[in-house]
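# Here is the input, now give the coordinates:
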Amino acid sequence: MLTNLIISGVGGQGNVFASQILGRAAVKKGLHVTIGETFGLSQRGGPVMSHVRLSTIRSYGPIIPPNMADFVLGLEPLEALRIAPEYANASTVFLINSRPIHPLNVIAGDVEYPDLDWIRQVLGTSDNPLYWLEATEVAVGLGGPIMLNMVMLGALCELPEFPITRQDIKEVLEGMIPHSKLESNLHALERGGQLIREFGH
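The predicted structure follows:
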């Protein structure tokens, strides 16, 4: 069994921390794990992509080969769209946070950010499973956008075909973060799972 996951987003969204949590949970579960990180020109606000490869057999190289991603976890919709042609395939599962973060060239007025409905349509054109989630809204309700990565991890781990469960994440968090922040992070995980359970209803 080999599971290839890409987490895409921009600097400051907690992309790298999310991949580290998944890696620790995988090791604790007895899986082989390799993680590769790529960064844009600016760590905060620039593109960030994490390759997470989980296997029951052996360790694989840190970079997922072209069109071999099983899951794309998009913390920012345009960044997920950017990487889809290179890494996705007809069965890739997309979990996309719907809230955009405008890059500097958009803020400066040099280019326009694509229409969100268009991004959603393009990602869903191949009948891929697509979960378009209002995760930032949930995170803000839990205390702030900083909770976004936990909400999205909770959503990912709710999918039965993903090998890491929310319980696996919970056990790792209990040893990683201060007790004062544990309850809010666990709540964010649960709310992410709830987004998947309620999706489409």
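# for stretch 155-175, which positions count as buried?
Neighbour-count burial for stretch 155-175, counted by 16 or more other CB atoms under 10 Å, picks out 155-159, 162-166, 168-170, 172-173. Bear in mind the C-beta positions are built from the backbone N, C-alpha and C, glycine included.
# Mark which of those residues are part of helices, please.
A155, L156, C157, E158, R166, D168, I169, K170, V172, L173 (DSSP state H).
# Pairing partners for the helix or strand where F94 lies, with directions?
Counting by DSSP states H and E, the secondary-structure element that holds F94 is strand 93-97. Under the criterion DSSP bridges, strand 93-97 sits next to strand 71-74 (parallel), strand 130-133 (parallel) in its sheet.
# contacts for the first one?
What that stands for is strand 71-74. Defining contact as CB atoms under 8 Å, 6 or more residues apart in numbering, one finds that strand 71-74 is touched by 3-9, 18, 80-81, 83-84, 87-88, 92-97, 152-153, 156, 159, 162.
# okay, it in CSV with CA atoms only?
Extracted C-alpha coordinates of strand 71-74, given in CSV (Å, rounded to 0.1, in the frame of the first residue of the first chain):
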residue,chain,number,x,y,z
PHE,A,71,-5.0,13.1,-2.4
VAL,A,72,-4.5,16.9,-2.8
LEU,A,73,-5.2,18.9,0.4
GLY,A,74,-5.5,22.5,-0.8
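# and M1, how many neighbours does it have?
Other residues within reach of M1, judged by other CB atoms under 10 Å, total 8.
# Excluding sequence neighbours, find me the nearest residue to it.
Nearest non-adjacent residue to M1, counting by CB to CB, 6 or more residues apart in numbering: T56, 4.6 Å away.
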